[in-house]
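# sequence and computational prediction follow.
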Amino acid sequence: MKYVIFLLLVFAAACSRPLPDYSIVPEFRFTERSGRPITRQDLNGQVWIADFIFTHCSGICPAMSSNMQTLQARLPGEIRLVSFSVDPANDTPAVLTEYAKRYNADPERWLFLTGEADAVQSLSVGGFKLALDPSAGSEAEPILHSSRFVLIDRNGHIRGYYGTDDERGLDRLIADAKKLI
C-alpha cells in the first residue's frame, strides 16, 4: 500500500512540474495556405504547436504531418497547430492547400505557412533554435531540418521541444499543452 501511495505522489509531482521557458518566438510574417498573411501577433493569446516540414519530402515529414493530424484529433480545439514550410520555392499556398487536405487539416486550427527562404531559415535556426540547412540533405530528404515539435504558450514563449518519432513524446506534448490552456 505504501508503494502505491509513493507512486501516486511521484506521478502527481511529475504532472505538476512547471514547464521550462526557453525563449520567445520572434516576430514573423508569412503567408498562410489561404493566401492571408499571418504574423506572430495573430497567435498571441493562443497555445500552439509548431513544426517545420516540406510537401515533397519522402523522409520524416509525412510522419510529422500524420502526428500533427493525431494532435489535431486529441487536443482541445483551442490549441492551434502551425506548420512552416522549409521549401517556400515549391510550397506555394496552392501546394500547401493540397498537402493539408491529405491530413484533413482543419483550416481554423492548423495553419500551413510559407514565405521567403531567408525568413524561414532565420525563424527556424534563430527563433526556434532548430536545425535547418537547405543544402545538406539526402535524396530522400533534400532539405535537412529538425523533426521536433515545439510547444508555444499564450505569450509566445517556447515551453517545450518534443520528438515526433515516439508515442511517449507525443503523450507528453499533449499533457504539457493541456497544462497551458
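Structure received. For clarity, every value in this text was computed on a predicted model and none was experimentally measured. Numbering: from 1, shown residues only.

# only C-alpha atoms for contact and neighbour calcs from this point on.
Noted.

# how many residues are close by Leu170?
19 (other Cα atoms under 10 Å).

# what secondary structure does it sit in?
helix (DSSP: H, G, I helix; E, B strand; the rest coil).

# I figured it was touching Thr164, is that so?
Yes. Under the criterion of Cα atoms under 8 Å, Leu170 makes contact with Thr164 at 6.7 Å.

# distance-wise, check Val86 relative to Ser147.
12 Å (Cα to Cα, to the nearest Å).

# check Ala177 too.
In terms of Cα to Cα, Ala177 sits 18 Å off from Ser147.

# could you list the low-pLDDT ranges of this protein?
1-16, 136-141 (pLDDT under 70).

# which residue ranges of it form strands?
Secondary structure of the chain (DSSP state E): strands at 23-24, 29-32, 37-39, 48-53, 80-85, 110-114, 132-133, 144-145, 149-152, 157-162.

# most packed of those strands?
Among the strands of the chain, the stretch with the highest mean neighbour count (mean count of other Cα atoms under 10 Å) is strand 110-114, at a mean of 26.

# so for Ala177 and Ser147, which sits in the more crowded spot?
Counted by other Cα under 10 Å, Ala177 and Ser147 do not tie: Ala177 has more neighbours, with 22 against 19.

# pretty sure the more buried one sits against Val47.
Yes. Counting by Cα under 8 Å, Val47 is a contact partner of Ala177 at 7.2 Å.

# mutual contacts of these two, please.
Counting by Cα atoms under 8 Å, 6 or more residues apart in numbering, the common neighbours of Ala177 and Val47 are 79, 151.

# name the residue closest to the centre of the chain, please.
Ala50 (2.0 Å; Cα atoms, centre = their mean).

# out of everything not next to it in sequence, what's closest to that one?
Val82 (4.7 Å; Cα to Cα, 6 or more residues apart in numbering).

# got the contact list for Thr164?
Taking Cα under 8 Å, 6+ apart, one finds 63-64, 67, 147-149, 170 in contact with Thr164.

# in helices, which of those residues appear?
63-64, 67, 170 (DSSP state H).

# including distance to Leu111, could the residues you listed go into CSV?
CSV is the format used below for the ones in helices among the contacts of Thr164 (distance: Cα to Cα, whole Å):
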residue, distance to Leu111
Ala63, 17
Met64, 14
Asn67, 15
Leu170, 19
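
# from Gly77, how far out is the residue nearest to Val120 when sequence neighbours are not counted?
Using Cα to Cα, 6+ apart and skipping residues adjacent in sequence, the residue nearest Val120 is Val86, 6.4 Å away. From Val86 over to Gly77 the distance is 26 Å, taken as Cα to Cα.

# higher neighbour count, the two?
When Val86 and Gly77 are compared for neighbours, Val86 comes out ahead with 29 against 10, by other Cα under 10 Å.
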